[in-house]
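Enquirer: I would like the atomic coordinates for the input below:
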Amino acid sequence: MKTQRASHQKQPEPTARLLSPRNPEDLQGEMQQVEFAIARRAYELFEARGHEHGHDWEDWFRAESELLRPVSVTMSESEDRISVHANVLGFEDKELKVSIEPRRITILGEKELSATKTAGAKTPPIASDPGQILHVIDLATEVTAENAVVEWQAGLLKFELPKAGKAKIQTAATAA
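Expert: Below you'll find the predicted structure:
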């Protein structure tokens with residue numbers, strides 16, 4: 001009797017896509033809309049409690065948890081660069097906007113929600129899964145945004161950020 005071997009085909013690597021960082025001022029309006037939505041929801045929670053004071057932070061954090069998807073971040077640092085990985089699972093590259101400032105990264109994402117069809121009727125998207133990201137990452141070291149590389153691959157944002165001081169030293173050494 002012949003033994004059949006299961007042929008294991010190697011799955012192709014998910015395609016990596018480069019993202020172009022946006023000007024931080026360009027994201028301000030969109031960030032404000034998200035912050036206003038959080039404030040509105042926090043106020044609704046305050047009203048639902050009968051206008052009882054003393055729970056403002058609790059209301060704010062609950063509103064954030066209802067409206068924003070959490071983002072886990074890991075960072076590593078070498079002599080000349082900072083690497084940041086942010087888990088944005090469930091978001092496609094076209095749903096994300098990023099900006100890089102000398103000491104800060106901002107990630108803004110909005111999921112394109114689509115209603116699913118069941119037997120001719122539309123079912124609204126599940127409300128328990130927040131469809132937005134607003135995450136600010138503070139950096140301990142100044143970086144140069146112009147030479148940064150931002151890559152999205154299968155729900156992971158990867159930032160390679162050259163340190164500002166190292167970029168100046170390298171530029172001066174090349175000019176000499």
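Enquirer: For the spatially most central residue of the chain, give its distance to Ala145.
Expert: The residue lying closest to the centre of the chain (C-alpha atoms, centre = their mean) is Ile107, at 4.0 Å. Distance, Ile107 to Ala145, using C-beta to C-beta, to the nearest Å: 14 Å. Every C-beta, even on glycine, is put in place using the N, C-alpha and C of the backbone.
Enquirer: go on, Val73?
Expert: Distance from Val73 to Ala145, by C-beta to C-beta: 18 Å.
Enquirer: Run through the bridge partners of Val73.
Expert: Beta-bridge partners recorded for Val73 (DSSP bridges): Ala86.
Enquirer: these two touch, right, it and Val84?
Expert: Yes: using C-beta atoms under 8 Å, Val73 is in contact with Val84, at 6.4 Å.
Enquirer: Which one of these two is surrounded by more residues?
Expert: Ranked by neighbour count (other C-beta atoms under 10 Å), Val73 and Val84 place Val84 first, with 22 against 14.
Enquirer: ok, now which ones touch that one?
Expert: By C-beta atoms under 8 Å, 6 or more residues apart in numbering, the residues touching Val84 are 73-75, 105, 137, 157-159, 161.
Enquirer: can we see that at 6 Å?
Expert: Listed by C-beta atoms under 6 Å, 6 or more residues apart in numbering, the contact set of Val84 reads 75, 159.
Enquirer: Can you show me the strands along the protein?
Expert: Under the criterion DSSP state E, the chain contains strands at 17-19, 73-77, 81-87, 96-101, 104-110, 116-118, 121-123, 132-138, 149-153, 156-162.
Enquirer: Can you tell me what sits against the fourth one?
Expert: Yep, that's strand 96-101 we're talking about. Under C-beta under 6 Å, 6+ apart, the answer for strand 96-101 is 19, 21-22, 24, 27, 106-109, 145, 148, 150.
Enquirer: now do 10 Å
Expert: With C-beta atoms under 10 Å, 6 or more residues apart in numbering as the test, strand 96-101 has contacts from 19-28, 30-31, 84, 86, 88, 105-111, 133, 135-139, 142-146, 148, 150, 152, 157, 159, 161.
Enquirer: And these, which of them are buried?
Expert: Neighbour counting by 16 or more other C-beta atoms under 10 Å classes 19, 21, 24, 27, 31, 84, 86, 88, 105-111, 133, 135, 137, 139, 143-145, 148, 150, 152, 157, 159, 161 among the contacts of strand 96-101 as buried.
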